[in-house]
Structures are given as structure tokens and as C-alpha cells.
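> only geometry, no sequence info:
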């Protein structure tokens, strides 16, 4: 059976009537690099994800979804160069939505993991941006208040004073200063973040009380490993990576994705676009 394409517009980025407009826009976006019109045209016609990101930037599309056949690096680069960071955010990052069968955990079984795709070893300031962007994502996607766990191998100094611990502690302090209404706790271990009884023993003054729905990881190793372990061992449904910290929505796909993953990413991107318009 054929697919009904009525109402859909399929664009060839090499022959688009809007090429000149997007070349001008890209040159303006990258003027600090003195990109020529010729080079801009090669980039836009040679890589559809740059064309798509410029459509989003120009307001001709509400969001972009890419990555089934290109790397996360290329998707992120196009989004950063063409869409650009959101106001007061310097670090573009990603979050992944994990949907578990156990509805008693997270927000009715839903968690946000960040960053599991973009920033390899974030500084304290970069962790702050990742955390604030993830909280904004949660406000759009979760029907619940963001409850943020700044994860570590230590809970409130129990693991000593290593550099990783200090980084998470510093990021937590800065987030509390910038966003005092956010429910955030750190540094804490994952059992303290999701098991109220453990939180009561290890961190009785915790603001999230073992009810986290957002996990902020100290580095990309921890984030990526954790999300894939959750996906495979807990048979969780994973949606993302969802790029965040941008002016407008963009989503990445794993090159191992199937058609349902693409549908999920498109649906989430549409919800984000509507949510950001409301906010």
C-alpha cells in the first residue's frame, strides 16, 4: 500500500526556492567566522540538517528532527550554528526521556536523563546550564514539578572531596542561587534520589525526598551508560536525545532508530514547540 502524502511538503534542499534566503541567514549567523556566500551555499545544499535548522531559525518550521543517517555531532553542530543558544544559556546539551513500566517512580514512570549525548566532561558552570535547561524541558513535557537529583558516587560528602564531587556541589549551589524555586538536591547517589526510605537515612533534609524525576549526571560517561542500561535492562522506552538550551526545539535520533523512534521524536518536538510558545 502507498502512503498518502496529501498535505505534506517535501523539500529538496539543493533546489529550494528559499536557498538565497537561507544563505543570507547562515552568513549572518556565522559572520564572526566570515563565511562566504559560496561556502554557505555548499554547506546548506550539502547537508540537509543545516537547511532544516535554518528553516527553524527563520520561523519556517517549528522544530527539527534528524540523526537517523548522520552523527549526533553533525546534528548538534547544525543546531548550534543555525538555531543558536537560548537566552542566558551558554551550553547546548541534550536530555533523554526514559519511560519505565513502574509508575511509582519518577513522574508516573517518566524520567529525564541529562546530559547523555553532547557534553563529555561538563564544568560546574556547564552543569548549571544543563540543569536549568532540563528543568525547562520537564516543565513542558512532564505533568509534574521538576525534582532534580545532581548525581554522584557521594551523598553530601560521604565519598570525600574529589574533583567530581566538588564540581557537582558547586553546580548545585549556583543553580539554587539562579533558580531558588527549583527543587534540587546534590550531590547525591542514585538510590538516595529514587528511594524515599534511603533518602530519609542518607539525606533527611533532602528537598526531593527520594522522588527525583530529573537525573543530572557528572559527565557523559555516566549519563550515556545509565540511560542505555535503563533502556535495555529495565526495558524502558527511550526518546531522544532531545537537544536543549536552544532558542527553538531540535531533536536527535540514534542511527539505530526504528520508525517508532522517529514518530516519538517528532511528537515530542511538536509538544516542545507548543510548550515554548506558551511559555
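That came through fine. This is a predicted model, so every value here is computed, not measured. Residues are numbered from 1 along each chain as shown.

> show me the beta-bridge partners of residue 151.
Residue 151 has the following beta-bridge partners by DSSP bridges: residue 188.

> tell me the contacts of it?
Contact partners of residue 151, counting by CB atoms under 8 Å, 6 or more residues apart in numbering, are 168, 186-190, 193, 215-218, 222. All C-beta spots, glycine's among them, are computed from the backbone N, C-alpha and C.

> pLDDT weak spots in the stretch 1-150 of the chain?
Along the stretch 1-150 of the chain, the parts satisfying pLDDT under 70 run over 1-2.

> all strands for the stretch 1-150 of the chain, in order.
64-66, 93-99, 110-114, 147-151 (DSSP state E, counting those that start in this stretch).

> pull out the buried residues from the second one.
When burial is assessed from 16 or more other CB atoms under 10 Å, strand 93-99 yields the following buried residues: 93-99.

> wait, which of those is closest to residue 197?
Of all these, residue 98 has the smallest distance to residue 197: 22.3 Å, by CB to CB.

> of all the strands of the stretch 1-150 of the chain, which one is nearest residue 25?
strand 64-66 (14.6 Å).

> which residues does the closest one contact?
Residues from elsewhere that reach strand 64-66 (CB under 8 Å, 6+ apart): 48-49, 52-53, 55-56, 75, 78-79, 83, 249-253, 262, 265-266, 269.

> angle of the lengthiest helix in the chain against strand 93-99?
If you go by DSSP state H, the chain has its longest helix at helix 259-278. Computed by axes from the mean of the first three to the mean of the last three CA atoms, to 10 degrees, the angle separating helix 259-278 from strand 93-99 equals 120 degrees.

> give me the helices and strands touching helix 259-278, please.
strand 64-66, helix 124-141, strand 237-244, strand 250-252 (3 or more CB pairs under 8 Å, 6 or more residues apart in numbering; DSSP states H and E).

> deepest of the ones you listed, which one?
Each of the helices and strands packed on helix 259-278 was given a mean neighbour count from mean count of other CB atoms under 10 Å, and the largest, a mean of 28, is that of strand 250-252.

> for that strand, packing partners?
Using 3+ CB pairs under 8 Å, 6+ apart: strand 250-252 touches strand 64-66, helix 72-78, strand 237-244, helix 259-278.

> mean confidence score for that strand?
Across strand 250-252, pLDDT averages out at 93.

> what pairs with it, and is each one parallel or antiparallel?
The sheet places strand 250-252 alongside strand 64-66 (parallel), strand 237-244 (antiparallel), with pairing taken from DSSP bridges.

> quick one: contacts of that strand?
Residues contacting strand 250-252 (CB under 8 Å, 6+ apart): 53, 56, 63-67, 72, 75-76, 79, 83, 94, 117, 240-243, 265-266, 268-269.

> and if you look at stretch 11-23?
By CB under 8 Å, 6+ apart, stretch 11-23 touches 37, 40-41, 44-45, 48, 51-52, 54-55, 58, 60.

> could these go into TSV alongside distance to residue 88 and neighbour count?
Listed next are those as TSV, based on distance: CB to CB, whole Å; neighbours: other CB atoms under 10 Å:
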residue	distance to residue 88	neighbour count
37	32	12
40	28	22
41	33	17
44	29	26
45	34	18
48	30	18
51	28	24
52	25	25
54	23	29
55	25	22
58	23	13
60	26	13
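
> what packs against the helix or strand containing residue 171?
With elements taken from DSSP states H and E, the one containing residue 171 is helix 163-178. Counting contacts by 3+ CB pairs under 8 Å, 6+ apart, helix 163-178 packs against helix 124-141, strand 147-151, strand 183-188.
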